[in-house]
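> compute the structure for the input listed below.
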Amino acid sequence: DVFAKHGISGFYRGLGATAIMVFPEKACKLGVNDYLRDVFCNYDRNKETVVQQVMAGALTGVIQVAVTNPMEIMKIRLQTAESAI
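Predicted coordinates:
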């Protein structure tokens, strides 16, 4: 139905917004995760435990979603808008 109605470009609707969103998402994940891992192990990665890594990863995920959710909503709206094609 998408191809019949919009052609090949219909499959790429919203791709620009998705590509733009990748940078802040990854930057948030990597930066926050490194910071939290340092904080949880008192800045000594040689003494870091698996539990500390899991806690840092879980908290990083929560923070990343909170930061990037508004961009995700905009992306979805762009992808589903009829005027976007």
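> all contacts plus neighbour counts: C-alpha atoms, from now on.
OK.
> list the residues that contact the most centrally placed residue in the chain.
The chain has Glu25 as the residue nearest its centroid, 3.6 Å off, counting by C-alpha atoms, centre = their mean. Taking C-alpha atoms under 8 Å, 6 or more residues apart in numbering, we find Glu25 in contact with Gln64, Thr68.
> within the helices and strands, which one has it?
Per DSSP states H and E: Glu25 is located in helix 15-40.
> list the buried residues in that helix.
For helix 15-40, burial by neighbour count (16 or more other C-alpha atoms under 10 Å) applies to Ala17, Thr18, Glu25, Cys28, Lys29, Val32, Asn33, Leu36, Arg37, Asp38, Phe40.
> where's that helix relative to the chain centroid, distance-wise?
Its chain's average C-alpha position is 7 Å from that of helix 15-40, according to C-alpha atoms, centre = their mean, to the nearest Å.
> over to stretch 58-77?
Distance of stretch 58-77 from its chain centroid, counting by C-alpha atoms, centre = their mean, is 6 Å.
> pull the CA atoms of it into PDB?
Output in PDB follows, covering the C-alpha atoms of stretch 58-77 (Å, rounded to 0.1, in the frame of the first residue of the first chain):
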ATOM      1  CA  ALA A  58      19.900   0.800  33.700                       C
ATOM      2  CA  LEU A  59      20.100   4.400  34.900                       C
ATOM      3  CA  THR A  60      21.600   5.500  31.600                       C
ATOM      4  CA  GLY A  61      18.700   4.000  29.800                       C
ATOM      5  CA  VAL A  62      16.200   5.900  31.900                       C
ATOM      6  CA  ILE A  63      18.100   9.200  31.400                       C
ATOM      7  CA  GLN A  64      18.500   8.600  27.700                       C
ATOM      8  CA  VAL A  65      14.800   8.000  27.200                       C
ATOM      9  CA  ALA A  66      13.900  11.100  29.300                       C
ATOM     10  CA  VAL A  67      16.300  13.300  27.200                       C
ATOM     11  CA  THR A  68      15.500  11.900  23.700                       C
ATOM     12  CA  ASN A  69      11.700  11.200  24.100                       C
ATOM     13  CA  PRO A  70      10.600  14.600  22.800                       C
ATOM     14  CA  MET A  71      12.700  14.100  19.700                       C
ATOM     15  CA  GLU A  72      11.300  10.600  19.200                       C
ATOM     16  CA  ILE A  73       7.800  12.000  19.400                       C
ATOM     17  CA  MET A  74       8.600  14.600  16.700                       C
ATOM     18  CA  LYS A  75      10.200  11.900  14.500                       C
ATOM     19  CA  ILE A  76       7.100   9.700  14.800                       C
ATOM     20  CA  ARG A  77       4.900  12.700  13.900                       C
END
